[in-house]
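>>> A structural model of the following input is requested.
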Amino acid sequence: MNGLVLAGGRSTRMGTAKEAIHWHGKEQQYAMADLLSLFCDEVFISCRPDQLDQIASDYHGLPDAFPEMGPLGGILSALHFRNDTAWLVVACDMPLLDEKALDVLVRHRDAEKVATTYEGPFDGGPEPLAAIWEPKSYPLLLDFIKNGSHSPRKFLLNSKILMLKSENPHVLRNVNTPEEAAEIESMMKRHKKGDLI
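Model prediction:
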């Protein structure tokens, strides 16, 4: 299984590159890549072609082969690059995602399904950006985008998946705005003091 950190977004709502925020002592894209390396044979950072030369030399960049499709373009690009292996995919803007959450995902993986994912913390639908995507998803995704849809969640909603409930749904929260970043930072400080997130 390979790992993929989705870091190709333009961060327009945040106003600064989300992948470069230092939540854990280094740029978030590298912190997530290090986390994935605990579970994966190889780890890649999904990026736009213009970002490739900005990725540190000790990490592997994987430029989008399906541009302007958002996160689904990154997932498709990974499966296009290697469609003989599963991909553990995480978004770079989930600073609370931790080793425990990924361990549960990996241990409960069902390779017979299209994907193994968590139930999203807000609407109960599948969370496509903290999920294991199986090789069999690739041809199905190629058919899916022919209809003009680029929503990985919509794809999963109409596919055979295993969806797990998270013991701590907060780990799946993503950060899109400065206000959300401030809230997450406050939660992380409370957690360091021993309070529950």
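>>> count of residues packed around Q54?
For Q54, the count of nearby residues is 13 (other Cβ atoms under 10 Å). Placement of C-beta: from N, CA and C, glycine included.
>>> give me every residue that touches it.
Contacts here follow Cβ atoms under 8 Å, 6 or more residues apart in numbering; on that basis Q54 touches C47.
>>> Now do it against E27, distance only.
Using Cβ to Cβ, to the nearest Å, one obtains 10 Å as the distance from Q54 to E27.
>>> Quick one: classify D84 as helix, strand or coil.
coil (DSSP: H, G, I helix; E, B strand; the rest coil).
>>> May I ask you to confirm that it is in contact with P135?
Yes - A contact is recorded between D84 and P135 when judged using Cβ atoms under 8 Å, the distance being 6.0 Å.
>>> would you list every one of the helices in the chain?
Taking DSSP state H as the test, the helices found in the chain are 28-36, 71-81, 99-107, 137-145, 152-157, 178-192.
>>> mind checking which of those is nearest N168?
helix 99-107 (7.3 Å; Cβ to Cβ).
>>> Next, the buried residues of that closest one.
Judged by neighbour count using 16 or more other Cβ atoms under 10 Å, the buried positions of helix 99-107 are A101, L102, L105, V106.
>>> ok so, going back, so if I had to pick from D84 and P135, which one is more boxed in?
Taking D84 and P135 together and counting by other Cβ under 10 Å, P135 has the greater number of neighbours (15 against 7).
>>> List the contacts of the more buried one.
Residues counted as contacts of P135 (Cβ under 8 Å, 6+ apart) are L79, N83, D84, T85, A86.
>>> Any regions of this structure where pLDDT drops low?
For the chain, the stretches with pLDDT under 70 are 8-23, 178, 181, 189-197.
>>> what about the residue most central in space within the chain, distance to P71?
Closest residue to the average C-alpha location of the chain: V90 at 1.7 Å, with Cα atoms, centre = their mean. Using Cβ to Cβ, V90 is found at 11 Å from P71.
>>> Now for these two: what residues contact both?
Shared contacts of V90 and P71, defined by Cβ under 8 Å, 6+ apart, are found at L6, L129.
>>> hang on, the earlier thing: in a markdown table, list the helices of the chain along with distance to F44.
Formatted as a markdown table, the entries for these read as follows, by distance: least, Cβ to Cβ, whole Å:
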| stretch | distance to F44 |
| --- | --- |
| helix 28-36 | 8 |
| helix 71-81 | 7 |
| helix 99-107 | 16 |
| helix 137-145 | 16 |
| helix 152-157 | 17 |
| helix 178-192 | 25 |
